[in-house]
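Peer 1: fold the following.
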Amino acid sequence: MVVLYNSPKTPSILYQEGLIYLEDELYEIAEDKFLAARAGTDFNEALDAIDKELVGIYLATGREDKSKNLSERIFYEEPSLENFQTAFDNLFALGLFEEAIDFYNQNGRGYEDAVYYSH
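Peer 2: Next comes the predicted model:
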C-alpha cells in the first residue's frame, strides 16, 4: 500500500487502491478511487472493470437503483455472457426475481452457457 500511496495517481494506481479499500470494506473511499480512475481513462476494458466494481459497491451500500441501472447499462452497451451474469446476479441479489426471470427470458437465451441459470 505504501508503494501505491507514493506512486503518481494514474488511473491504474487509483484502480488498485480502490481494490484494496474495497477488500477492507471501506466502500466510500473505494468508490472515490474508482470514480477518479474512471474519470482519468477512456480505455473501454478499464471502464468496464471499474463499472463492475461500482455495481458491487452500490449493492453493498444500499443503493439498489444505482446498482441495477449500472449493471443493466453494462449489459446493454456490451452484451456478453459475463455482463449478462452481472446484471442477472444483481437482479437476483436485489430480490427482484420476476425482473430477473424477465431479463433472462429476454436476453439469456442467446448464450449457450446461460443454461447455468435455467436450473
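Peer 1: quick check: which ranges of this structure have low pLDDT?
Peer 2: For the chain, applying pLDDT under 70 flags the ranges 1-6, 111-119.
Peer 1: what residues sit buried inside the helix or strand in which residue 88 is found?
Peer 2: Using DSSP states H and E, residue 88 sits in helix 81-93. By 16 or more other CB atoms under 10 Å, the buried positions in helix 81-93 come out as 83-88, 90-93. To be clear about C-beta, it is placed using only N, CA and C from the backbone, and glycine gets the same treatment.
Peer 1: could you do stretch 98-111 as well?
Peer 2: Applying 16+ other CB under 10 Å to stretch 98-111 flags 100, 103-104, 107-108, 111 as buried.
Peer 1: so of the residues you listed, which ones are in helices?
Peer 2: 100, 103-104, 107 (DSSP state H).
Peer 1: quick check: the farthest pair among those?
Peer 2: Spatial extent of those (CB to CB) is set by the pair 100 and 107 at 10.8 Å.
Peer 1: longest helix in the protein, by residue count?
Peer 2: Max-length helix for the chain by DSSP H is helix 44-60.
Peer 1: let me know the angle separating that one from helix 81-93.
Peer 2: Compare the direction of helix 44-60 with that of helix 81-93 by axes from the mean of the first three to the mean of the last three CA atoms, to 10 degrees and you get 10 degrees.
Peer 1: can I get the CA coordinates of helix 44-60 in PDB?
Peer 2: Output of helix 44-60 as PDB, limited to C-alpha atoms (Å, rounded to 0.1, in the frame of the first residue of the first chain):
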ATOM      1  CA  ASN A  44     -13.100   0.500 -22.600                       C
ATOM      2  CA  GLU A  45     -11.900  -2.600 -20.800                       C
ATOM      3  CA  ALA A  46     -10.800  -0.400 -17.800                       C
ATOM      4  CA  LEU A  47     -14.100   1.400 -17.800                       C
ATOM      5  CA  ASP A  48     -16.000  -1.900 -17.800                       C
ATOM      6  CA  ALA A  49     -13.900  -3.300 -14.900                       C
ATOM      7  CA  ILE A  50     -14.400  -0.100 -12.900                       C
ATOM      8  CA  ASP A  51     -18.100  -0.100 -13.500                       C
ATOM      9  CA  LYS A  52     -18.400  -3.700 -12.400                       C
ATOM     10  CA  GLU A  53     -16.700  -2.800  -9.100                       C
ATOM     11  CA  LEU A  54     -19.100   0.100  -8.700                       C
ATOM     12  CA  VAL A  55     -22.100  -2.200  -9.200                       C
ATOM     13  CA  GLY A  56     -20.900  -4.200  -6.200                       C
ATOM     14  CA  ILE A  57     -20.200  -1.100  -4.100                       C
ATOM     15  CA  TYR A  58     -23.700   0.300  -4.800                       C
ATOM     16  CA  LEU A  59     -25.300  -3.000  -3.900                       C
ATOM     17  CA  ALA A  60     -23.300  -3.300  -0.700                       C
END
